[in-house]
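Visitor: Turn this into a structure:
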Amino acid sequence: MADDSTIARPYAKALFDIASGERKLGEWSQALNAAAAVLRDASAKRVLGNPTIDVGKRAEFLRAVTVGIKGAGVFDTAQGKALLAVLAENDRLAVLPEMAAQFDALKAQAENKVKVTMTSATQVDAATAEQVKQALKKRLGREVELELAVDPALIGGAVIRAEDMVIDGSVRARLEKLAAQLVE
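Guide: Numbers count the residues shown, from 1 in each chain. Take a look at the predicted model:
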């Protein structure tokens, strides 16, 4: 059986092409992420995965639950309803989180942006975050959307993740490397 990324890819690409042509990448990104957020809820998953519920009602349920979530208004349009109906008919509503991620990756590529997560042991001040952002912009040759996170388990330093690149400058990683060398 195919994994979610394989299943979501053609849907994300087709929707990206449509949204790009209509210059509505931001709106569709918000809508897909709203639906993905709903699907992360166990109760919603249970309802949408129930085979006794009519396919049309599953799509309508998802649309109704997203009402009021920022950006989800796209699902009230004819295209939005059609997307949810096609996904429901093909039993693909569960891949919406992966579809949202792939859509956002295509959007970032088209906009020449990259999302970067910097996880540090302690809160990073704005000046340091800006320095890291500018250094990454220079290194990657793209605009950087920097998201900050804190993980005290790192002990010190930081881990930076951008797409498939990982820069691990954490104290925890250095200690693990040192421990591995001592064992050898």
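
Visitor: Which residue ranges make up each domain of this protein?
Guide: 4-108, 113-183 (automatic domain parsing).

Visitor: now the last one, how far from the centre of its chain.
Guide: Domain 113-183 sits 19 Å away from the centroid of its parent chain (CA atoms, centre = their mean, to the nearest Å).

Visitor: one step back: pick the most deeply packed of the domains of the chain.
Guide: Mean neighbours per residue, mean count of other CB atoms under 10 Å, is largest over the domains of the chain for domain 4-108, with a mean of 17. Using the backbone N, CA and C atoms, a C-beta is placed for each residue, glycine as well.

Visitor: gap between the two ends of that domain?
Guide: Terminal residues of domain 4-108 are spaced 20 Å apart (CA to CA, to the nearest Å).

Visitor: ranges for the strands of this protein?
Guide: 113-120, 143-150, 158-162, 165-168 (DSSP state E).

Visitor: what's next to the shortest one, contact-wise?
Guide: When you say that, I think you mean strand 165-168. Contacts to strand 165-168, defined as CB atoms under 8 Å, 6 or more residues apart in numbering, come from residues 159-160.

Visitor: What strands line up against it, and which way round?
Guide: Strand 165-168 has its sheet partners listed here by DSSP bridges as strand 158-162 (antiparallel).

Visitor: Worst mean pLDDT among the strands of the chain?
Guide: Among those, strand 165-168 has the lowest mean pLDDT, at a mean of 88.

Visitor: still on that earlier bit, in TSV: the strands of the chain, plus distance to Ala44.
Guide: Shown next, in TSV, are these (distance: least, CB to CB, whole Å):
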stretch	distance to Ala44
strand 113-120	25
strand 143-150	25
strand 158-162	28
strand 165-168	32
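
Visitor: Which one of these lies nearest to Ala82?
Guide: For the strands of the chain, the distance to Ala82 is smallest for strand 113-120, at 28.5 Å, taking CB to CB.

Visitor: Contact partners for the residue nearest to Lys24 when sequence neighbours are not counted?
Guide: Leaving aside its chain neighbours, Lys24 sits nearest to Val74 (7.6 Å; criterion: CB to CB, 6 or more residues apart in numbering). Going by CB under 8 Å, 6+ apart, Val74 touches 24, 27-28, 30-31, 80.

Visitor: longest helix of the protein?
Guide: Counting by DSSP state H, the longest helix found in the chain is helix 4-21.

Visitor: Which other helices and strands does that one contact?
Guide: Helix 4-21 sits against helix 25-39, helix 78-89, helix 96-110, with contacts defined as 3 or more CB pairs under 8 Å, 6 or more residues apart in numbering; DSSP states H and E.
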